Every structure is written in C-alpha cells, then in structure tokens.
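1. no sequence for this one, just the structure:
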DNA sequence: AAATGTACTCGAATCGATTCGATCGATTCG
DNA sequence: CGAATCGATCGAATCGATTCGAGTACATTT
C-alpha cells in the first residue's frame, strides 16, 4: 500500500507520480533525472503529475542507497565545536574545503571525535572523511573509517597508510621562527603550546612531554623549537584562544627570576594572549619581551605580530580537491604547504 | 552476485555475514541491533563472522532508507561559511545546537542557502532543518523544505506557519540600549547595522531601508532604535566583523560636522571595529564618543563594551531541543530569549 | 500425554529509487 | 516488401538493511 489521500503524513513517491502520469516508474525516473531518452510529452506529463501530487523530488535516502553515494563528506574535528571554531585557521580551512567540495555538490557533515561519538564516525552516511586537528584517537578513528572503506584525508596528521596527507611545514616553520629569536640574542625563551594530549588542560610542559603527547601539530612545532634551542620553558594551553594565551603568558612571565626574554606561541591567538599578559605585567614589547606566533591570522591586537604565515584556506582547498579526486576515482595528490616568515614589531633584540 | 573474494572493492554486507554465520539475514540483523530475542550463542557466531569478514556494520544508507531517518540535521547558514563562522554568536549557537543534537546521535550538515549543488536544501538527506541567520530567500527555502515534509526550526526569523521559531528580543533589546544613550544625553547617534539585504555590501543606510530589507534581525534591531530615536544616521556593514566595523565607524565619524556622539552597533564585533575607528580618528571613548554593541561576545578589545548580552548557546540548545522533540514525534516548544543590558565603560554622558 | 507457553529463528515484504536489457511501434534502407 | 534501425517505454532486478508475522523446537503445566 503506497501513499493514499487518507494518509496525511507520508509523502508521495516516484511510483505514485508515475502512476498518476500513466507511465512506469522507470520512465518517471528517467523523466526526472534527465538521463536517457524520454519524449517531451511524457516528460511534461510526469512533471505535471509531480506538481499535482506535490512531489518533492526523489528521496535522497533511496538515491544514496541505490547510487552508493550520499553526497556527504564528514569533517571530523576536536571534541567541542566551540573550541574548534574559535581558531580562525580551522574556519579558514573549512571555508576552503567547503568551496571545493561545494562545487562538486557535496555537503559537509560536522563530526566530533568524542569518546562514544565514535558511533557517528562509525555510522554516519558519508562518502569520505576529512580529519582536521584530530589528535587523540586518530589511529582508532582511522581504523574504523578504513574498515568502512571510506577515503580519508588528514590535515597535519602523522603519516598513516591509506590516508591522504595534507601537510604543513610545522617543524621547519617553527625552527625558522625559533632561529629568528636566537639571532636576536634571546637565550632564554618560553614556548606556549597548543593542547598536547587528552584531555585538554592548561599545565606546565613536562620534560618528558614526548611520552604522552598525541597532538601531531603540537609535537612537530615543539620539535622545531628543539632543533634550535636545547632547552626552554613551556606551558601547554588548554585551547587555542586569547584567554588561554593570557593564562599561559602569566604563568611563564610572572616570576621575574625565571622570566624568558622571548616567547614562542604555537598560534597567533595564544600569542595575542601573551601580549595581553605582558601588558598586565607591565612588560614592554618588544623592548623587554619578544613575542612570536604561528598562523598569520592577522588578529587585531594593536601589534603587528611576528609569526609564520600559513595558507589555511589553501589547505582546506587541497583537502577538498583530494576528496573530489578520490570520489571521482582518481588518484589524489598529497600536498605539503610551506609557511612564510613574517617579521612584525613584536620581536626585537634581547637586552641583557 | 554479492560480495566475492575476487572483488576487492565491495564491502561485505549483512547478508554475507549471515551466510558465513549460518543464520538468516533477519537474525543477523537482530544480533547486530540488539533489538529482539537472540540467543547468546548465535549472537557470538554472527559477531565472529562479522569480524572474520571485516564487516564494518550496517550500511547507514540502507538503514536510513529503511528507517526513513538519516540521523542528519541540516543547518542552513549564510552564503559564505567564512562570514557565518566569523561571528562568535553563530559559533556559540552551533555549539549549543551540536550539544543537544549530538546526544540524540544526530549530526549536523552544513548547508548554505545558495546551494544549487546537488546536495542542497532540496536534496540533502536530512531529517530536519535549522535555519540560522537566513534572510534572503527564507520563504522560498521554507517552501521547499515544507514540501519535503521536513520539520523546520528557524532562529530569529520572521514568523512563518509550520516553522518553529526560536526568538530573541531584538527589538526590545535594541530599544533598551538606545534609551540608555538617550538618557546619557546623546541626541545625535549613528547606527551600524548588520547586513540588511542581498547581496551583502557596505553602504549608507537609506531612508527607505524598510522597502528592501530582508534580514529580520537587522530589521528588528533597527526598529528598536526607531522606537527611541526619530532619526539617525546609519551605515550597513557588509558582514559582522571588526574590519567591517572599522569601515562603518570611519564612514560615520570621519566628518566632524555631522559626527554623532554615540554609536549603536548591531553586533559586538562591529562595535569593536567602531572603537578602532575612533582610535584612528583620535576620538576618546567614552569621553568624546559613546559606543555600544549587541551580543555580549566578550571580545578582547581593551574596553569593557556596553552591550546587550544574549544567550547564544542557549538559543542553539533550544533549537536542538526543538529538533529532538519533533524527531521524537513530540510537540516542540517555541522559545523566546531575553537580552540583558550590560553597562561597560564605552558609553558616557554626551558632552556638548 | 496433550496443551499451553516460551524462546528463538526464518521468510518475505518493504523502504524508494535507479538501471539494464527487452519490447514495441514506427521509420528508413536495401 | 521485408529487414534493420532507432527512439521511447516498460519489467524486473538491485541497492542493504529492517521488521512483522509465522513457524519450530523445547520446556513447563495440568
């Protein structure tokens, strides 16, 4: 029993339309999709019938089953969307991603990696997945997705077989900016890192951070600093935000005895927070303290922040293109982007 | 012909698993979903078979067809994600929304109103839709969605039958803050509005803005000002951002002759932009110029902005709850939120 | 031992559309 | 005039899972 007038709830189906138009369902389908030869007359008849029945078009659920495609790409982000969206880099990426996938007629499904929400990773109707800033259970997630046979693109993640990487020269870039500070004569520096392990919480960076670190971006950027500085103080921010930067800045700068003369922040938001902290403590930038960021987010802070500029939108676009290629059955191209040093007015020579 | 070893691409289906376990597909389904009585022995046998075949679980596409549910809620936002995500209010809402829908195991699909792509309002496989900050073709979009029989929740939109509204006291709140300026003695004020019509572009607010305005939020907030001030200068920002606020601020403040003594911005981001513009022009706030915002976004600006605080996360949550209710077959509850006045240090008495 | 009940398991229909091969009538060509 | 061709349409299989009613085997009750 298909749709009846008495049934106020259920919508008409293509079969109903076909019946009303006096053609077979197959013909009605052809008439709608435009694929295949259909006479103008029948086409109109079918559309008229559809109109009359208030048919809203082919059910996307049925289509996706039949076609084996849902037209949806999953975007897996950090636990809390709030945190993920706070970072302008993520937004820029998402924008680039949406641009590319959008033209291919593909929508973006927001997913988070939280513990039992792996349910969603395991069961969302998607054709491919982009992993962004995922750290924790990357391997787990990838395992599930791989089992589902879904194409996977990971942005700035560790190398994993079967996963198309979109890379960024995090280590190299970080080393460049560290070298910048070194050349300015800074011997004692502090590093404000992005979250490094699960759960995210603010804390001093421990000596053996390498043991428990799970966030690839944080790790690479720290390694970059290590390539230049043998030792340094570090503080792990709970998230990439100005507030978290203030907290970190205060923690590193509060004690005049152990105060570094330069601070490298792993994101511009954190760097701006450090600038605010310096302000609160009455430290002049760059005269008494040099501050550098990472991202090139152009945050309005009253300063021209020294930072490494990354092409976030490009990253998103590249991810989108990789997805599109894979969905088209082509071979995707792994890409690695470079970061560009920007000398602002927040770094200067170390004064003894 | 179902999955075969020779076919490296196609994944095993539940039928394959059932066959391998020596049970019927129906039993295998029961074993997986947990619904219905299945002996422990068969359950294990089925799961073992699934394990051996590397079965990734029921195909969500098939499930959604059968169940008539996809577990996806569409979120319709402005044209450009970049713009939509720039506004902290949108993000907060999205966060609240994700919180509520997430617990119901529902994912969020990002959609824009322009999508002529195949996955658009008309054809995305979703169970319900939330309209956020949609202005342009709201009626059109709603018509399409209604034809599809989808539950619709609209945040801060005009009343439309069959659409569950989540409201905010935009007009009242705007009037409150306008009255605040009036009581401080400001007689000549300027208003910086959010985008008001399509396409979004920066421009002076015309006298007959009412004729072409399509953005409900902008309209209501303007009406609120009109409830207090008979006339005022206005500038329409191209988007809700600090940069757009600077542009608007400069436009309204540049000419000393016609310079207002107080400016009402329709968002905190815009207000911060105005503060920057005032800075550039050498105007002291609040001594020479009063600035007020709307949102309560707590943007770091060096000031404590006078503004109307709105519960953005709550709005998102309410939208999520309404969606959940409708998906559960219950009656959703329309909600209207109030805004709270916050007196900061950016508004002061008008000096003659 | 028959009857009633319980605990599983199975067959078959169904969700709504797409698509391939077959059919059928009409036109064109040899 | 018969055959080949072509366009339009139809039938039936298929996508992969869920679900309801029916059936089977075994345990319990009287």
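-> Received the coordinates, thanks. Quick caveat, the model's predicted, so the values are computed rather than measured. Numbering: from 1, shown residues only, chains lettered A, B, ... in the order given.
2. would you quantify the distance from residue A:129 to residue A:85?
-> 19 Å (Cβ to Cβ, to the nearest Å). (Each C-beta comes from the backbone N, C-alpha and C, glycine too.)
3. nearest spatial neighbour of residue A:141, skipping sequence neighbours?
-> Ranked by Cβ to Cβ, 6 or more residues apart in numbering or on different chains and with sequence neighbours excluded, the top spatial neighbour of residue A:141 is residue A:121, at 5.6 Å.
4. meant to ask about residue A:62, not that
-> residue B:65 (5.3 Å).
5. where do the helices sit along chain A?
-> A:14-21, A:25-33, A:40-53, A:60-67, A:81-86, A:88-103, A:118-123, A:138-147, A:170-183, A:209-212, A:216-226, A:242-253, A:268-281, A:312-327 (DSSP state H).
6. worst average pLDDT in those?
-> When mean pLDDT is averaged over each of those, helix A:118-123 scores lowest at a mean of 78.
7. ok so, going back, my guess is the residue nearest to residue A:62 contacts residue A:58. True?
-> No. Between residue B:65 and residue A:58 there is no contact under Cβ atoms under 8 Å: 11.9 Å.
8. mind checking which of these two has more residues around it?
-> residue B:65 (21 against 17; other Cβ atoms under 10 Å in any protein chain shown).
9. quick one: neighbours of the residue in the stretch 1-150 of chain A that chain B sits nearest to, just the number.
-> Here the stretch 1-150 of chain A gets closest to chain B at one residue, residue A:105, 3.5 Å apart by Cβ to the nearest Cβ. Residues lying near residue A:105 (other Cβ under 10 Å) number 15.
10. re the thing from before, using a markdown table, lay out the helices of chain A together with distance to residue B:52.
-> Output for those, formatted as a markdown table (distance: least, Cβ to Cβ, whole Å):
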| stretch | distance to residue B:52 |
| --- | --- |
| helix A:14-21 | 39 |
| helix A:25-33 | 38 |
| helix A:40-53 | 47 |
| helix A:60-67 | 25 |
| helix A:81-86 | 37 |
| helix A:88-103 | 35 |
| helix A:118-123 | 19 |
| helix A:138-147 | 13 |
| helix A:170-183 | 40 |
| helix A:209-212 | 35 |
| helix A:216-226 | 33 |
| helix A:242-253 | 47 |
| helix A:268-281 | 48 |
| helix A:312-327 | 28 |
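11. nearest to residue B:288, out of the ones you listed?
-> For residue B:288, the closest of the helices of chain A is helix A:268-281, at 23.7 Å, according to Cβ to Cβ.
12. packing partners for that closest one?
-> In this structure, helix A:268-281 packs against strand A:189-193, helix A:242-253, strand A:262-265, strand A:290-292, with contacts taken as 3 or more Cβ pairs under 8 Å, 6 or more residues apart in numbering or on different chains; DSSP states H and E.
13. contacts only, for residue A:127.
-> A:69, A:70, A:71, A:72, A:73, A:106, A:150, A:151, A:327 (Cβ atoms under 8 Å, 6 or more residues apart in numbering or on different chains).
14. let's see it at 7 Å
-> A:69, A:70, A:71, A:72, A:73, A:327 (Cβ atoms under 7 Å, 6 or more residues apart in numbering or on different chains).
15. cool, residue A:233 as well?
-> A:190, A:252, A:260.
16. so what's the last one scoring on pLDDT?
-> We have a pLDDT of 97 for residue A:260.
17. distance of it from residue A:182?
-> 13 Å.
18. more neighbours, the two?
-> residue A:260 (20 against 16).
19. next one: the more buried one from DNA strand C, what distance?
-> Separation of residue A:260 from DNA strand C (Cβ to the nearest atom of the strand, to the nearest Å) stands at 63 Å.
20. what's that residue sitting at in phi/psi?
-> phi -70, psi 160 (degrees, to the nearest 10).
21. can you check residue A:71 too?
-> phi 70, psi 20.
22. what number of residues lie near it?
-> Residues near residue A:71, counting by other Cβ under 10 Å: 24.
23. close enough to count as contact, it and residue A:105?
-> Yes. The pair residue A:71 / residue A:105 is scored as a contact, 6.2 Å apart, by Cβ atoms under 7 Å.
24. thinking again about what came up before, the helices of chain A: which one's closest to residue B:342?
-> helix A:242-253 (18.2 Å).
25. gap between the closest one and the chain center?
-> Mean-position distance between helix A:242-253 and its chain equals 24 Å (Cα atoms, centre = their mean, to the nearest Å).
26. what packs against that helix?
-> Applying 3 or more Cβ pairs under 7 Å, 6 or more residues apart in numbering or on different chains; DSSP states H and E, we find helix A:242-253 packed against strand A:189-193, strand A:233-236, strand A:262-265, helix A:268-281.
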